[in-house]
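Structure of the sequence below:
(2 chains)
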Amino acid sequence: MEPKIGMRNLKSSAFKGVIIFFAFVITIPLIIILLYIIKQGITQVNWHFLTNVPAPPGEKGGGIANALVGSFIMVMLAAVAAVPIGMLAGIYLSENPRTKLAYYSGLCVDILQGVPSIVVGIVVYFWVVKPFGTFSALGGSIALAIMMLPIIIRSTEQTLKLLPDSLKEAALSLGVPYHRVILKVIVPCGFAGILSGITLSIARVIGETAPLLFTALGNRFFSTNLTKPMESLPHVIFNYATSPYDDWHDLAWGASFILLVFVLTLNIVTKVITRKWKIQL
Amino acid sequence: MENTIVKAENYNSYFGDNHVVKDVNISINKNEVIAVMGPSGCGKTTFLRGINRMHELIPGATSKGKILLDGQNVYDMNAIYVRAKIGMVFQRPNPFPNLSIYENVIAGYLLNGIKVAKADKDVIVEKSLTSAALWKEVKDSLYKKGTFLSGGQQQRLCIARAIAMQPELILFDEPTSALDPISTSSVEALFHELKANYTLIIVTHNMQQAARVSDRTAFFYMGELVEFDDTKQMFTNPTDQRTQNYITGRFS
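Numbers count the residues shown, from 1 in each chain, chains lettered A, B, ... in the order given. Down below sits the predicted model:
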């Protein structure tokens, strides 16, 4: 008996060692990417870079102001559309999990989540860009909103499903009508989870290039017109990086750095929200 | 008859095809404490939830017959109105975790969007918490979240929340089964005080509790109301063999 136990202990330790090793290994690529982008990008970032539009080829300087504003407008517009729709659909899914409609719309959400972003771009191209005859920020926003929907729906659903039924019963037994039970009790109690789903979805789409390629297209000039092409951060990175000029490559690193800062900040904000605002049940 | 507050007439409840409460006829007087006891699955909780129409919220749940509240069939009234008129306290304390103690007490007004002046709110909160024997313990922490309280305090907060709506009738669904003995005795002591102003119907699977707190006891078995009598009479000299078997512990 004795030697066998020794063997078992050894196997257990070996297994533990292996999983610790891989848990450590997966952090390496991320750290390398982060360090590299910071190293390449941080020197590019200054006030001029943030407040100027790209310079013509050959001229020094130039910035990403149009891309910053463009990304902000398009992502915010996408959020304004996707948040209410996603939350309401998520509420339905968590409230009526056993209906046929919930089954099929849940399935659609899963499939939508798996649709490649470039396909979303093409669809919006045919739905919005072609009929209107012009590339537009609006088209870009719609494409981004479609990308955000499944994340918001699922996170709302999962958050609300975790709330105990007793909470709903408490409100219903006071004679509170159903819509108020949902809006005043259920949603506020799941607020942290829903909000973190929203910030995560924003972090997810802010770096999306494919759905914007043939919707918002890109714009070398400063534009806030929703019916005209608009620049975005990922697109400006693509443009600068594929250009033949070395100083433009540097600008691409700068823009990458800014994008990375946004995504990291959003992720950290999400974590803080979940921890700080989580309601103790 | 004058004194009757709740009356069930041939009341039946179902979960799908499952007949859970069978032809119950019962008449409950004002300011009485009624204990409803019986073994698990006998339909006592389902009956209770039929009174304020919480039963029908479960998918597939239906009911037949009448429940008269002050002579009016609750099934002819708007369910939301019925639930606002009848207070309910659940098995597990369920204060609203997003609201403070103060807000929890007036939750019935807040959540229904009923506007109440600040001064009136203060009065309602103090009165309800005093009636629920919780005022002294929480008067300095009214703006803390209700979920910071102990289990027994939370349950009394839920009672205060029910009282605040000024119901005539309060339903208790095994209100102490999730509480420790000390909290249980604090809630039981409260029943005696509440009796002066309210009618209480308490579902319990704890016979000692039924004996301690109630004026009359209803015994449910397999969905039927087997016996309904003065608590003393019921525990000393039950008329039905099944009641006797239950009380003497031959089954539970």
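
which ones are touching B:Thr46?
Residues near B:Thr46 by Cβ atoms under 8 Å, 6 or more residues apart in numbering or on different chains: B:13, B:15, B:20-21, B:55. In short, each C-beta sits where N, CA and C put it, glycine included.

List the buried residues for the helix or strand hosting A:Thr270?
Assigned by DSSP states H and E, A:Thr270 falls within helix A:246-276. For helix A:246-276, the neighbour count (16 or more other Cβ atoms under 10 Å in any protein chain shown) marks A:247-260, A:262, A:266, A:269-270, A:273-274 as buried.

Please name the nearest non-neighbouring residue to A:Phe257.
In this structure, A:Phe257 finds its nearest non-sequential neighbour in A:Gly41, 2.7 Å apart by Cβ to Cβ, 6 or more residues apart in numbering or on different chains.

hang on, B:Leu171 is in a helix, isn't it?
No: judged by DSSP: H, G, I helix; E, B strand; the rest coil, B:Leu171 forms no part of a helix; its state is strand.

what bridges to it?
Beta-bridge partners for B:Leu171, by DSSP bridges, are B:Met88, B:Ile201.

so it touches B:Arg53, yeah?
No: applying Cβ atoms under 8 Å, one finds B:Leu171 not in contact with B:Arg53, separated by 11.1 Å.

Give me the more crowded residue out of those two.
Under the criterion of other Cβ atoms under 10 Å in any protein chain shown, the comparison of B:Leu171 against B:Arg53 puts B:Leu171 first, with 28 against 22.

For the closest residue to A:Asn267 other than its chain neighbours, which residues are in contact?
In this structure, A:Asn267 finds its nearest non-sequential neighbour in A:Ala203, 5.7 Å apart by Cβ to Cβ, 6+ apart. Counting by Cβ under 8 Å, 6+ apart, A:Ala203 touches A:262-263, A:266-267, A:270.

same thing but 10 Å
Counting by Cβ atoms under 10 Å, 6 or more residues apart in numbering or on different chains, A:Ala203 touches A:75, A:151, A:262-270.

And for A:Asp165?
A:172, B:57-58, B:94.

Which of the contacts of B:Thr46 are buried, as a ChimeraX select command?
Remark: buried members of the contacts of B:Thr46, expressed as a ChimeraX selection using 16+ other Cβ under 10 Å:
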select /B:13,20,21,55
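
For A:Val83, state which of the contacts of B:Thr46 is nearest.
B:His55 (35.8 Å; Cβ to Cβ).

Tell me who's in contact with the most centrally placed residue in chain B.
With distances taken as Cα atoms, centre = their mean, B:Leu171 lies nearest the centre of chain B, 1.6 Å away. With contacts defined as Cβ under 10 Å, 6+ apart, B:Leu171 is in contact with A:173, B:6, B:34, B:36, B:45, B:47-49, B:51-52, B:54, B:86-90, B:162, B:199-203.

can you rerun that using 6 Å?
Applying Cβ atoms under 6 Å, 6 or more residues apart in numbering or on different chains, one finds that B:Leu171 lies in contact with B:48, B:88, B:201.

I'd like those written out as CSV, with neighbour count and pLDDT added.
Output for the contacts of B:Leu171, formatted as CSV (neighbours: other Cβ atoms under 10 Å in any protein chain shown; pLDDT from 0 to 100):
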residue, neighbour count, pLDDT
B:Leu48, 21, 94
B:Met88, 26, 95
B:Ile201, 27, 95
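
List the buried residues for the least confident helix or strand in chain A by mean pLDDT?
Averaged element by element with mean pLDDT, DSSP states H and E, chain A has its least confident helix or strand at helix A:47-51 (a mean of 88). Across helix A:47-51, burial judged by 16+ other Cβ under 10 Å covers A:Phe49.

ok, now stretch A:118-125?
Buried residues in stretch A:118-125 (16+ other Cβ under 10 Å): A:120-125.

what about B:Ser27, which helix or strand?
Using DSSP H and E, B:Ser27 falls in strand B:18-29.

Smallest gap between chain A and chain B, at which residue?
A:Gly175 (2.6 Å; Cβ to the nearest Cβ).

what's around that residue, how many residues?
The burial count for A:Gly175: 23, using other Cβ under 10 Å.

Show the contacting residues for the closest residue to chain A within the stretch 51-200 of chain B.
Distances between the stretch 51-200 of chain B and chain A by Cβ to the nearest Cβ are smallest at B:Ala84, namely 2.6 Å. Residues counted as contacts of B:Ala84 (Cβ under 6 Å, 6+ apart) are A:Gly175.

do you know how far it is from A:Lys271?
41 Å (Cβ to Cβ, to the nearest Å).

quick one: low-confidence ranges for the stretch 151-252 of chain B?
For the stretch 151-252 of chain B, the stretches with pLDDT under 70 are B:252.

Same check on chain A?
A:1-3, A:281.

Domain boundaries for it, per the record?
Annotated domains of chain A cover A:2-42, A:45-276 [automatic domain parsing].
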